[in-house]
Each structure stands twice: as structure tokens, then as C-alpha cells.
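1. Generate coordinates for the sequence data below:
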Amino acid sequence: MKKINDILMTWFEQIGLADGNIILANKIGIIVGIVITALIIDLIYKKAVIPAIKKVTSNTESEWDDHLLSDELLKNIRRLLPPIALYAVGHLVFPFPPVIIYFNKFCGIYITIVMVKLICSVISSIYAFSSGHEKLKSHALKGFYQMLKLVAICIGAIIIVSTVLDKNPLAILTGLGAGTAILMLVFQDMIRSLVAGIQLLANDMLRTGDWITVPKYGADGDVMEVNLTTVKVQNWDKTIVTVPPYALVNDSFQNWRGMFDYGGRRVKRSINIDMNTVRFCTEAEMAEFRKQPWMEGFEANGKQEVNLYIFRHYIEYYLRTHPKVNPEMIMTVRQLQPTNQGMPIELYFFSAETAWIKYEHLQAEVFDHVLAMMRTFDLKVFQSPTGLDFQKLN
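-> All right, here's what the predicted structure looks like:
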């Protein structure tokens with residue numbers, strides 16, 4: 001740069017400029033040269049470098065380079081080149097100490113802002129790639145990347161303040177420590193949400209696409225988005241509920257992900273049997289029952305078998321052979337404590353279908369069949385008498 005400065009000085013002397021104007025003309029020439037050089041660098045980067053990078057990334061089979069070298073990231077790199085050039089040669093253009101100090105501060109602040117934007121664009125590119133990855137797209141990563149952006153912005157703000165005040169960044173942090181109590185009071189909800197978001201992510205308590213139930217906030221549906229301050233849930237009626245992350249950590253919520261992961265959804269329902277219809281089976285009835293394939297594996301309970309016992313055996317056989325019932329998970333048909341509403345017989349099994357509509361269809365199909373088969377065993381379901389029942393007595 002000193003050689004360029006000497007060449008300009010010699011050239012201005014040769015063209016006959018006065019001594020008082022040579023220095024000014026020299027500075028103007030350097031400024032014009034720097035601006036022209038910056039414009040040329042910017043033009044080369046825009047017209048040659050960026051298209052070349054795009055061509056290379058488009059020809060590769062991998063997708064990570066397409067996300068990492070995004071348009072936003074390349075634009076931020078382009079914005080970073082001119083101020084770096086000005087910062088490097090500013091002392092030659094502005095030789096006066098007060099001017100160069102303020103000029104360097106301005107360049108430093110601008111470079112810091114662009115660097116923060118560049119880091120944020122890199123984080124956004126990584127998030128765009130990870131959210132499309134098969135193994136990572138179901139995880140609630142948005143809050144984690146938002147936290148990284150927040151850290152980058154905070155560090156950038158501290159560097160800018162330290163540049164303006166001519167202070168060490170550590171001294172700025174020490175000064176902020178004195179106001180921590182006030183900051184925590186003002187931003188307590190945001191801080192709580194930030195910490196809760198980290199806990200949700202670290203413990204894998206919540207993922208995008210999970211079906212969760214939070215009765216306190218009226219949330220019952222799929223998680224649309226998890227970020228630092230809110231969790232968006234789309235209910236089954238298509239309404240959207242926003243829940244603060246700290247509410248999910250402090251209070252309880254139900255996550256149905258395990259049901260989908262294990263491939264079975266529990267059915268736990270009972271029907272009430274009229275206890276007056278429970279009796280011993282006759283020999284003729286038993287002979288007819290033994291002809292049926294569902295009696296295979298039947299364990300005799302005594303000399304006389306109870307129709308309710310055989311009925312429970314039939315239901316277990318029916319559930320074991322049903323194609324939509326998961327045979328690898330627990331399955332039982334049991335009696336509950338008798339009540340004044342009859343004898344409850346509970347069916348406890350797991351559906352192989354976890355989707356809500358198919359699950360409801362299976363429940364209805366099973367209990368339709370059970371109710372229809374009760375007459376075969378001379379059993380009746382208990383239900384409270386209606387006006388029609390009293391009318392039959394007259």
C-alpha cells in the first residue's frame with residue numbers, strides 16, 4: 001500500500017499539482033481506488049464466485065452443501081468483504097487519530113453485525129438440512145437452533161457495546177452480572193421457557209408430530225412446532241393451542257408417542273352381564289360347544305361348566321385370532337367387582353392399528369361381535385329398565 005501511495009504522490013507532482021493539494025488528491029485517489037476495488041471484488045463475487053459455487057453444489061448428490069451454501073449465507077459473505085477491506089486500509093485514508101478511531105469503530109460494528117447474521121444464516125442452513133433428515137426431522141430441534149442464534153446475537157451485542165465504549169468484553173459481562181436480578185425479573189417467562197425448552201430437547205420429552213394431551217391448556221392433538229417460547233399444538237378440531245414449554249416441564253402432560261412406537265394401542269372396556277343369567281351349562285350345550293374350533297385348548301373347570309366361563313374363553317380365542325389385534329402384547333378377559341349394575345367383564349387388549357379412526361372401528365367391531373354372541377351362551381347384558389320394559393309387564 002505504501003508503494004501505491006508513493007506512485008500516486010509522484011504522479012500528482014508530475015501533472016503539476018500544488019504541494020498543498022497533492023496530499024488531498026492522494027487521499028481522494030486512494031479512496032476512489034479502494035471503492036473501485038471493492039466494487040470489482042463485489043462484482044466478481046456476485047457474477048463469478050456465486051454461480052460457480054451454485055453449479056458445483058447442484059452437481060453433487062449430497063444435499064448438505066445445498067443447505068449450507070444457501071443464498072442467504074453467500075449474500076452475507078458478500079456483505080462482509082467491503083468493510084474488511086476498508087478496515088484494513090482505513091489508516092491510510094484517514095491519518096488523523098480521532099477520525100481513524102471512529103472509522104475503525106464503525107467498521108468493527110458493521111463487521112460484527114454482518115458476522116452475527118452470517119453465523120445465524122449458517123445455523124439456519126444446518127437447521128434446514130437437519131429438519132429434512134430422516135432421523136432428525138421428528139426431533140424438536142428448532143428451539144435448540146434458536147438458542148444458538150440467541151447466544152450468537154448476545155455475544156455480538158456485547159462485542160458492539162465493548163467496541164463503542166472501548167471496554168474489554170469481560171468487563172461488560174461483569175457489569176451485566178450486577179443487573180442479573182433485574183434482567184431475570186423482567187425476562188423471567190422467557191428464561192423459564194428457554195430452560196424448559198432445553199430440558200424438553202435434552203430428555204427427548206417432545207418431538208414435532210407427537211400427539212400430546214395437556215388438559216389444563218385445552219391441548220389435544222399433534223405438535224406442530226417447538227421453539228424457545230412456545231409449543232404449538234393443532235387439536236383434532238383444527239384449532240391451534242400455544243403452550244409455554246415450562247408448563248410441560250412443571251405440570252404433567254400425556255405423550256402418545258410410545259403407543260405408536262410399540263405398534264399397539266390399548267383397549268380397556270367392559271360390558272355388564274346380568275348376573276341372573278349366569279348358570280351351569282347342560283350336557284347337550286357342552287356337547288355342542290365341544291364341536292366348535294374355539295374350544296381347542298379349553299381347560300375344564302369342573303364337572304359342570306359355567307356359561308360365563310366358556311363365554312370368556314370364547315372371547316379370548318376371538319381376540320387371539322383377530323387380525324387387527326396385536327398378539328404380542330398383553331391380552332386378557334377378566335371379571336371385575338360385581339356391582340348393582342351387574343357383573344363387569346373387562347376386555348383388555350391392544351389394537352395393531354394405532355391410527356385413531358381404525359382404532360375406533362376395531363373397538364366397535366369387537367364389542368358388536370361380543371354383544372351379538374352373548375345369546376349363544378344364554379347370557380344377557382345388564383341395562384337399566386326403560387319405559388318399554390315396564391310396558392311389557394302390563
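
2. Looking at strand pairing, list the partners for residue 255.
-> Residue 255 has these beta-bridge partners by DSSP bridges: residue 212.

3. tell me the contacts of it?
-> Contacts here follow Cβ atoms under 8 Å, 6 or more residues apart in numbering; on that basis residue 255 touches 205-206, 210-212. Where you see a C-beta, it was placed from the backbone N, CA and C, and this is true even at glycine.

4. buried set for the lengthiest helix in the chain?
-> Ranked by residue count, the top helix of the chain under DSSP state H comes out as helix 97-132. By 16 or more other Cβ atoms under 10 Å, the buried positions in helix 97-132 come out as 103-104, 107-127, 129-131.

5. Whatever helix or strand comes next after it packs against which elements?
-> Sequence order places helix 142-165 as the next helix or strand after helix 97-132, per DSSP states H and E. The contact analysis (3 or more Cβ pairs under 8 Å, 6 or more residues apart in numbering; DSSP states H and E) places helix 142-165 against helix 97-132, helix 169-178, helix 188-202, strand 219-226.

6. what mean pLDDT would you report for the second one?
-> Helix 169-178 shows a mean pLDDT of 67 in the predicted model.

7. same question, stretch 84-102
-> Mean predicted confidence for stretch 84-102 is 63.

8. What of stretch 217-233?
-> Mean per-residue pLDDT for stretch 217-233: 84.

9. same deal with stretch 42-55?
-> pLDDT averaged over stretch 42-55 gives 74.

10. Strands of the protein, start to end?
-> Assigned by DSSP state E, the strands in the chain fall at 211-214, 219-226, 231-235, 240-243, 254-255, 265-273, 332-335, 343-351.

11. For stretch 299-308, which residues meet the burial criterion?
-> 305, 307-308.

12. Kindly indicate which of the residues you listed lies nearest residue 229.
-> Nearest to residue 229, judged by Cβ to Cβ, of those is residue 308 at 57.0 Å.

13. Isn't that closest one up against residue 379?
-> Yes. The pair residue 308 / residue 379 is scored as a contact, 6.5 Å apart, by Cβ atoms under 8 Å.

14. on that earlier part again, what packs against the longest helix of the chain?
-> Using 3+ Cβ pairs under 8 Å, 6+ apart, helix 97-132 sits against helix 64-68, helix 71-93, helix 142-165.

15. so where is this structure shaky, pLDDT-wise?
-> For the chain, applying pLDDT under 70 flags the ranges 1-34, 57-58, 60-71, 85-100, 131-143, 172-187, 189, 202, 386-394.

16. So it: which segments form each domain?
-> If you go by automatic domain parsing, the domain ranges for the chain are 2-180, 201-255, 260-377.

17. if you compare those domains, which one is most tucked away?
-> domain 201-255 (a mean of 17; mean count of other Cβ atoms under 10 Å).

18. Figure out the length between the terminal residues of that one.
-> Length of domain 201-255, first residue to last, Cα to Cα, to the nearest Å: 14 Å.

19. try stretch 313-328
-> Per Cα to Cα, stretch 313-328 runs 18 Å from first to last residue.

20. now swap in stretch 212-227 and tell me
-> Stretch 212-227: ends 16 Å apart by Cα to Cα.

21. now swap in stretch 323-331 and tell me
-> 14 Å.

22. residues in contact with that stretch?
-> With contacts defined as Cβ under 8 Å, 6+ apart, stretch 323-331 is touched by 262-264, 316, 319-320, 348-353, 358, 362, 365-366.

23. In space, what's closest to residue 371 - neighbours in sequence excluded?
-> Sequence neighbours aside, residue 381 is the residue nearest to residue 371 in space, at 6.5 Å (criterion: Cβ to Cβ, 6 or more residues apart in numbering).
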